[in-house]
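> give the three-dimensional model of this entry:
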Amino acid sequence: MGKFDKYRIDLKGMQADKMDFEFLLDNIFFANIDSPEVQKGKVNVKLDVKKTSRAFELNFQTEGIVWVPCDRCLDDMEQPVASTDKIMVKFGRDYGEDGDIIVIPEEDGDINVAWFMYEFIALAVPMKHVHAPGKCNKTMTGKLNKHLRTSNDDEGDTEFESADDIVVEDDNEAPTDPRWNELKKILDNN
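Reported below is the predicted structural model:
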């Protein structure tokens, strides 16, 4: 029995027009997928499979928590994820994708949904993941504050509130284009 056999859906042998499945994806699932975006989590996935006249409609309802590294301090943080996704599957000669439809060989008659579930979870994770203010690793925050500052007036001795506000200090004070100075005035007014 393979690592992902329990995520195999037998479409060819489907007796009813609708079937429901439920999967609990845990750390073992994410370790077996072995992909860098998400490596730990506890996610519940409800899958509804409907047989239509020409294809199969697979509706995924995903909800749970994954652990991802904080972009600021690199400690793991909980990130809630939730998504609703749909794929269409039809039978054909060879495995492939035809637009929004997945084509699987009719002789096989089944589809493994493990990778699809992982992709839906990875896509539900926001691009930016940062701890709530004050929750980052204090040691790392202290080291960052030595090298970063939040505005031109600060010297980096206060904790920053948002990664968007970080300005890297430049040791070489090269003359700047006056247009940049005008843009900095706009930033300072916000």
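
> domains in the protein, by residue range?
The record's domain parsing of the chain by automatic domain parsing lists 5-124, 138-189.

> average pLDDT for the shortest one, rounded please.
For domain 138-189, the mean pLDDT works out to 65.

> which stretches in the protein count as helices?
27-33, 114-124, 138-147, 178-189 (DSSP state H).

> in JSON lines, list those along with distance to S83.
Heads up, the C-betas are built off the backbone N, CA and C, glycines and all. Supplementary listing: the helices of the chain in JSON lines, determined by distance: least, Cβ to Cβ, whole Å:
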{"stretch": "helix 27-33", "distance to S83": "16"}
{"stretch": "helix 114-124", "distance to S83": "4"}
{"stretch": "helix 138-147", "distance to S83": "30"}
{"stretch": "helix 178-189", "distance to S83": "35"}
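
> what's the most buried one of the domains of the chain?
A comparison of those by mean neighbour count, using mean count of other Cβ atoms under 10 Å, puts domain 5-124 on top with a mean of 15.

> what distance separates the start and the end of that one?
24 Å (Cα to Cα, to the nearest Å).

> hang on, the earlier thing: compare the helices of the chain and report which one is nearest to E107.
Set against E107 and scored by Cβ to Cβ, these come closest in helix 114-124, at 20.9 Å.

> ok, back up a step: export the domains of the chain to JSON lines and tack on distance to H131?
What follows is those, written out as JSON lines (distance: least, Cβ to Cβ, whole Å):
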{"stretch": "domain 5-124", "distance to H131": "5"}
{"stretch": "domain 138-189", "distance to H131": "10"}
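
> residue contacts, L11?
Shown in contact with L11 (Cβ atoms under 8 Å, 6 or more residues apart in numbering): 49, 51, 56, 89, 91, 104, 109-111.
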